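Trainee: Sequence first, then the predicted structure:
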Amino acid sequence: MALRLSTGLRNKALGTADVKTILTLCKIAIYSGAQPANADAIATGTLLATISLAGGATGLSWEAPAAGILAKAIAEAWQGTAVATGTAGWFRLYEATDDPATASTVLARFDGSVSTSGAQLNMTSTAIVTDAVQTISAFTYTQPAN
């Protein structure tokens, strides 16, 4: 599956703010099942975990962009406790004011696939069990050069 940017993220990046600013304090929702057709759509599957700063209420931060890449803040622990058992299939990275399960064409978000390799979010295992802590140790968003 491909990385899918929402209409809101594309519009905001073209007129309101840079991507890093837009996505500061974002969170990541990990779902089971197939990725929706686009990031504007209602979430599909079961919410398995929400990733935030150290698993708390605060959202995530980024390093300074370099070579067209926005990377996870190195000093931060990106974690979340699983709320359901299932196989991770896709994720939605969304801004702090968003409800990732709803449809929206104005909020900034992007969706991507989850796997153990070759996906936008690679995990050691896609098998998630309720109450298990999920940790993302590395994450990048790359702005295409062409």
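Mentor: Here it is on my side, so go on. Just so we're clear, the structure is a prediction, and the values are computed from it rather than from any experiment. Residues are numbered from 1 along each chain as shown.

Trainee: Go through the protein and flag its longest helix.
Mentor: As far as residue count goes, and with DSSP state H defining each element, the longest helix of the chain is helix 7-15.

Trainee: So for the protein, the centremost residue is which one?
Mentor: residue 93 (2.4 Å; C-alpha atoms, centre = their mean).

Trainee: If we ignore the residues flanking it in sequence, what's nearest residue 78?
Mentor: residue 136 (4.1 Å; C-beta to C-beta, 6 or more residues apart in numbering). All C-beta atoms are positioned from the backbone trio N, CA, C, and that covers glycine.

Trainee: confidence score at the one you found?
Mentor: For residue 136, the pLDDT comes out at 96.

Trainee: Would you quantify the distance from residue 43 to residue 59?
Mentor: 18 Å (C-beta to C-beta, to the nearest Å).

Trainee: higher neighbour count, those two?
Mentor: More crowded of residue 43 and residue 59, by other C-beta atoms under 10 Å: residue 43, with 21 against 17.

Trainee: Now do the same for the more buried one: its pLDDT.
Mentor: pLDDT at residue 43 comes out at 97.

Trainee: ok, how many other residues are close to the spatially closest residue to residue 137 that is not a sequence neighbour?
Mentor: If the residues on either side of it in the chain are set aside, residue 137 comes closest to residue 78, at 7.7 Å by C-beta to C-beta, 6+ apart. Neighbour count of residue 78, defined by other C-beta under 10 Å: 21.
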